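Engineer: sequence plus predicted model, see below.
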Amino acid sequence: MAAQEAIRQLQSSMEEVDEPLRCTYENIHQGYPTETLVRFLKARDWNVSKAYEMLVDCLKWRTENEIDNILANPITPVELYRAVRDSQLIGLSGYSKEGLPVIALGIGLSTYDKASINKYVQSHIQMNEYRDRVLLPQATKKHGRYIGTCIKVLDMTGLRLSAMNQLKTQAILDAQELADNIGVDINIWTTHNAASFSFFIIQADFD
């Protein structure tokens, strides 16, 4: 009952936000506002005022950076887009048995040296938005239940300790993702195979 009351209070507060924030909020919850409110409440230990502050900060960041329109603004020219994609290895590799999208990132072989850091951040945000606004809603519809979770596999094959540029760039992208997905619980598993390659599995929990 306490959880339901917290959800009700946060929902009531969200009804009072300005129109621009309400619009971007709809792009976040994709028709599942309750699950989205729970996500932010969990991130702040069910403290309604802190969850509200966190959510509003997220919405302001989206409006100030025009995140809602980022999918309509591809990286141009096409040669630059291809260069970014060839040096930032990431893509949908399939779905888990539970229907969760599995996204693979080739951290070790990504060079991040074909464009400015701003272009890589733009590409990263675009892929996150595509996941949240296309892949997860499609998975939800297909399985007839809410799916707000994805699994990320970080392939460290080929990564050298001397490759600090890749690590620095990835750290910037990771920081951006935290800003873009405030309230996400992340679980990380690390495994090592016989060839000493390292793999990290991250489950980003949106529900």
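Structural biologist: Everything's here; your move.
Engineer: give me the below-cutoff pLDDT ranges for this protein.
Structural biologist: Scanning the chain for pLDDT under 70 picks out 161-207.
Engineer: residue ranges of the strands in it, please?
Structural biologist: Using DSSP state E, the strands assigned to the chain run over residues 90-95, 101-105, 149-155, 185-192, 198-205.
Engineer: now the third one and strand 90-95, what's the angle there?
Structural biologist: Angular relation of strand 149-155 and strand 90-95 on a 0 to 180 degree scale: 120 degrees, by axes from the mean of the first three to the mean of the last three Cα atoms, to 10 degrees.
Engineer: can you list the strands that strand 149-155 pairs with?
Structural biologist: Using DSSP bridges, the strands paired with strand 149-155 are strand 101-105 (parallel), strand 198-205 (antiparallel).
Engineer: so how far is it off the chain centroid?
Structural biologist: Distance of strand 149-155 from its chain centroid, counting by Cα atoms, centre = their mean, to the nearest Å, is 11 Å.
Engineer: just the CA coordinates for it, please, in CSV.
Structural biologist: The C-alpha coordinates for strand 149-155 follow below in CSV (Å, rounded to 0.1, in the frame of the first residue of the first chain):
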residue,chain,number,x,y,z
THR,A,149,14.8,-4.5,-19.8
CYS,A,150,17.7,-5.1,-22.2
ILE,A,151,20.9,-7.1,-21.9
LYS,A,152,24.2,-5.7,-23.0
VAL,A,153,27.2,-7.9,-23.8
LEU,A,154,30.5,-6.0,-23.8
ASP,A,155,33.1,-7.9,-25.9
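Engineer: any idea how far Lys50 is from the residue nearest the centre of the chain?
Structural biologist: Nearest to the geometric centre of the chain sits Asn128, at 4.7 Å (Cα atoms, centre = their mean). As for Asn128, its distance to Lys50 is 24 Å (criterion: Cβ to Cβ, to the nearest Å). The way it works is simple: take the backbone N, C-alpha and C, and place the C-beta from them, glycine included.
Engineer: and the helices in this structure?
Structural biologist: Residue ranges of the helices in the chain, as given by DSSP state H, are 2-14, 19-29, 33-43, 48-64, 78-87, 117-130, 136-143, 164-180.
Engineer: now tell me what touches the shortest one from outside.
Structural biologist: Going back to what we said before, that points to helix 136-143. With Cβ atoms under 8 Å, 6 or more residues apart in numbering as the test, helix 136-143 has contacts from Gln30, Gly31, Tyr32, Tyr95, Gly99, Leu100, Pro101, Tyr146, Ile147, Gly148, Cys150, Phe206.
Engineer: between it and helix 33-43, how many degrees?
Structural biologist: Put simply, helix 136-143 runs at 120 degrees to helix 33-43, going by the same axes, to 10 degrees.
Engineer: could you give the angle of helix 136-143 to helix 117-130?
Structural biologist: 20 degrees.
Engineer: quick one: helix 136-143 to chain centroid distance?
Structural biologist: With Cα atoms, centre = their mean as the basis, helix 136-143 stands 17 Å off its chain's centre.
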